[in-house]
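> Got a sequence here, can you build the structure:
(one chain, ligands or ions: 2)
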Amino acid sequence: MINLLFAARTKRWEIYEAPLRSALEAAGIEANLAQDIAPDQVDYIIYAPDSDLQDFTPYTRAKAVLNLWAGVEQITGNETLKIPLARMVDPGLTKGMVEWVTGHVMRYHLGMDAHIVNPDRAWQTVAPPLAQERDVVILGLGALGTACAEMLLTLGFRVTGWSRSPKNVEGVTCLHGADGLAQALSQAQILVTLLPDTAATTNIIDAAALAAMPQGAFIINPGRGPLIDDDALLTALDTGHIAHATLDVFRIEPLPQDHPYWAHPHVTVTPHIAAETRAITASEVIVENIRRGEAGLPYLNLVDRALGY
Ligand code: NDP
Ligand code: OXD
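Ligands and ions are numbered 1, 2, ... in the order given. As a prediction, the model looks like this:
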């Protein structure tokens, strides 16, 4: 019998307990799954970074921390964590992100706002271009960026992706490195940022990056707040160089009431809801990693602590 500590808020326990038990049963794993287990008895820690558990030192026999979130920026710097850390790659979360990104890309591509908000009842007869005439650039070609790229490609967009290491995604122009970023930004009529928050990605969308984008470009950020230099974006929105931004993630969440983004006419704020981990599919992923750990197989979705994602 293995001991599985669920170290996340009680609200999540209510959502995850039954799916985790079902997934364990389906995998034939006998486990004591609980919110409270003596630290030196815990074998695996199912974890959310906003948990009260921040000191991993007493968990002397734990084999791995299995994160319920895709983003790991709140844990990678934790010096007390010495065991493998797996991030969440959940088919349910991925589907949610694809739908959210596609919806917001379509809003900009079709110019929907002009007709939804039309107080002057203007008869605006300019038809939108076809997707094949529109460049969408995705920064980050990981689990989420790649899935979004593939959906946008299916809809006919010209899709470019940018990553740290070289990638090959059929039909997508894959770029990497500093030169690749410059090229990607220069054609980003619609930019989607799906990078993790690391030392290397902080303020990657700064004044220079914004200036490199086409006049009237759109930005969609479901990645993390620190990817964008907020002051630089506000300036670019004020001048009209960036036409509009949809921002789901922020340096401080909830976004403070007096933050200029709330009042800006060319910003849509969404409250970190682009995609969430779905309990049934995520439980299967967690249990598969426990099965692997017990079988001595490599864990899925391991975080590289040096890279920070
Ligand atoms: P992955 O780790 O699968 O992918 C990250 C991608 O970013 C990879 O392509 C990686 O490159 C690239 N990357 C990382 N660092 C750099 C760098 N310095 N330069 C260029 N490219 C870089 O992550 P996911 O796709 O699963 O998730 C991405 C992010 O989405 C999460 O970290 C999280 O912050 C955010 N998120 C937001 C949610 C929301 O609701 N708003 C929900 C879930 C996630 P390479 O392929 O070469 O490694
Ligand atoms: C995540 C998120 O990282 O919801 O999973 O942002």
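> Distance of Ala34 relative to ligand 1?
27 Å (CB to the nearest ligand atom, to the nearest Å). Heads up, the C-betas are built off the backbone N, CA and C, glycines and all.
> Test my guess that that residue contacts Leu4.
Yes: taking contacts as CB atoms under 8 Å, Ala34 lies within contact range of Leu4: 7.5 Å.
> between these two, which one's more packed in?
A count of neighbours by other CB atoms under 10 Å puts Leu4 above the other of Ala34 and Leu4, at 22 against 13.
> you'd agree that one is up against Tyr47?
No: checked against CB under 8 Å, the pair Leu4 and Tyr47 is beyond contact range at 10.9 Å.
> what does the stretch 151-300 of the chain put close to ligand 2?
Glu276, Thr277 (CB under 6 Å from any ligand atom).
> ok, 8 Å please
Arg224, Val249, His272, Ala274, Ala275, Glu276, Thr277 (CB under 8 Å from any ligand atom).
> what's the neighbour count on the first one?
What that stands for is Arg224. By other CB under 10 Å, neighbour count at Arg224 equals 22.
> Look at it and report its pLDDT.
Looking at Arg224, its pLDDT stands at 98.
> tell me the contacts of it?
Contact analysis of Arg224 by CB atoms under 8 Å, 6 or more residues apart in numbering lists Gly71, Glu73, Leu195, Pro196, Asp197, Thr201, Val249.
> Apart from its chain neighbours, what residue comes closest to Tyr261?
Nearest residue to Tyr261 in three dimensions, chain neighbours excluded: Val267, at 4.8 Å (CB to CB, 6 or more residues apart in numbering).
> same question, Thr102
Met151 (5.4 Å).
> Then Gly161?
Closest to Gly161 by CB to CB, 6+ apart is Leu141, at 4.1 Å.
> Assess the claim that the one you found and Ala147 are in contact.
No: judged on CB under 8 Å, Leu141 makes no contact with Ala147 at a distance of 9.9 Å.
> and those two? which has more neighbours close in?
A direct count of neighbours by other CB under 10 Å for Leu141 and Ala147 places Leu141 higher, at 27 against 19.
> distance of the more buried one from Val159?
From Leu141 across to Val159, the span is 10 Å (CB to CB, to the nearest Å).
> For these two, list the residues in contact with both.
Common neighbours of Leu141 and Val159 (CB under 8 Å, 6+ apart) are Ala149, Val172.
> Could you identify the helix or strand that succeeds the host helix or strand of Tyr16?
For Tyr16, the enclosing helix or strand under DSSP states H and E is helix 10-27. Of the helices and strands lying after helix 10-27 in sequence (DSSP H and E), the nearest is strand 31-34.
> how far does that next one sit from the chain's center?
29 Å (CA atoms, centre = their mean, to the nearest Å).
> related to what we said a few turns ago, model confidence score at the residue nearest to Thr102, please.
So, for Met151, pLDDT stands at 98.
> Check the secondary structure at it for me.
Following DSSP: H, G, I helix; E, B strand; the rest coil, Met151 is assigned to helix.
> sorry, back to before: any idea how far ligand 2 is from the residue nearest to Tyr261?
For Val267, the distance to ligand 2 - CB to the nearest ligand atom - is 19 Å.
> In contact with that residue, which residues?
Per CB under 8 Å, 6+ apart, neighbours of Val267: Leu237, His244, Ala245, Thr246, Leu247, Tyr261.
> For ligand 2, what's the nearest residue on the stretch 101-250 of the chain?
Taking CB to the nearest ligand atom, ligand 2 has its nearest neighbour within the stretch 101-250 of the chain at Val249, 6.9 Å off.
> That residue against Gly225, yeah?
Yes: between Val249 and Gly225 there is a contact at 4.8 Å, judged by CB under 8 Å.
> Quick check, the residue in this protein closest to ligand 1?
Closest point on the chain to ligand 1, by CB to the nearest ligand atom, is Gly142, at 1.7 Å.
> correct me, but that residue touches Ser165?
No: between Gly142 and Ser165 there is no contact under CB under 8 Å: 10.5 Å.
> between those two, who's got more neighbours?
Shown here are Gly142 and Ser165; by other CB under 10 Å, Gly142 has more neighbours (19 against 7).
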